[in-house]
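In: Fold the following and give me the result.
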Amino acid sequence: MPKQMILRNAHREALKRLRDTVVRCLTEEGKVKEAYRKAAPLVRRVVETEYPVKDMKVLLRYEAAEHDNCIKLRMAHGAVQDVMFNFDDESGPLVVKKTYHGKFFLADEATTDAVLAWKTAKETCDKTLSQKKRDYATLIDAARTLEEVEVLWPEAKQIREAFAKNQVALMALTPTVIQRIKQDVAERATVQR
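Out: From the prediction side, this is the model:
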């Protein structure tokens, strides 16, 4: 059985970085993608009503148009509610450069419903992911050894391998260094007598 690895701050930070890369909310992410798939074309249509694609392509040739991936919408349900809809991967609609920043687009009923469904799904996903990360942080902070973490979270063994490699490199001493240290200890022992 390998020696138990007592968790130090560096181990805990490595575990938290690992958590940030592997912990996900697959069900909630699927719901966000589905809601995005429904809302994105509707938001694009609202923007392109005011900024027609044909005109924007002409302006783009003269560098007077740009893709906007963060659209501000005013919802149609009567209450004043503004929502920022974020397009993925630079896929937002073309808009006039510089003159339009801060502009809100008025969403119709269908767009309002779709965007609010996307917003709710995104908030739920973010909240669930945040809770999962807090749960892992509690485990990491409460555990004394890596083995205690590995019982609940088998992926944590990845940091053992990383630290084992670094530990070997840090602990490697040449015979010359070992000899000099032994000699220093012996000299200090004879002087102190």
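In: wait, what's in contact with the closest residue in space to Lys72 that isn't next to it in sequence?
Out: On the basis of Cβ to Cβ, 6 or more residues apart in numbering, the spatially nearest residue to Lys72 that is not a chain neighbour turns out to be Phe104, at 4.7 Å. From N, CA and C alone the C-beta is placed, and that goes for glycine too. Each residue near Phe104 by Cβ atoms under 8 Å, 6 or more residues apart in numbering is listed here: 72-74, 82.
In: Between which two of those residues is the distance greatest?
Out: In these, two members sit farther apart than any others by Cβ to Cβ. They are Lys72 and Arg74, at 7.7 Å.
In: Mind listing the shared neighbours of those two?
Out: Contact criterion Cβ under 8 Å, 6+ apart; residues shared by Lys72 and Arg74: 82, 104-105.
In: Let me have those residues in a markdown table, adding secondary structure as columns.
Out: As requested, the shared contacts of Lys72 and Arg74 are exported to a markdown table (DSSP: H, G, I helix; E, B strand; the rest coil):
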| residue | secondary structure |
| --- | --- |
| Asp82 | strand |
| Phe104 | strand |
| Phe105 | strand |
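In: ok, the residues you listed vs Leu26, which is closest?
Out: Among these, Asp82 lies closest to Leu26 (Cβ to Cβ), at 30.3 Å.
In: Pretty sure Ala76 is one of the things the closest one touches, is it not?
Out: No - in this structure, Asp82 sits apart from Ala76 without contact. The criterion is Cβ atoms under 8 Å, and the distance is 12.0 Å.
In: if you count what's nearby, which of those two comes out ahead?
Out: Taking neighbours as other Cβ atoms under 10 Å, Asp82 and Ala76 compare with Ala76 leading, 16 against 9.
In: show me what contacts that one?
Out: Residues counted as contacts of Ala76 (Cβ under 8 Å, 6+ apart) are 106-109, 111-112.
In: Quick check: which element contains it?
Out: Element membership of Ala76, judged by DSSP states H and E, is empty: it is in no helix or strand.
In: on that earlier part again, check what pLDDT the residue nearest to Lys72 gets.
Out: According to the model's per-residue confidence, Phe104 sits at a pLDDT of 89.
In: distance of it from Arg180?
Out: 73 Å (Cβ to Cβ, to the nearest Å).
In: where does this protein dip in pLDDT?
Out: 1-2, 78-80, 98-101, 165-174, 177-178, 181-182, 184-185, 187-189, 191-193 (pLDDT under 70).
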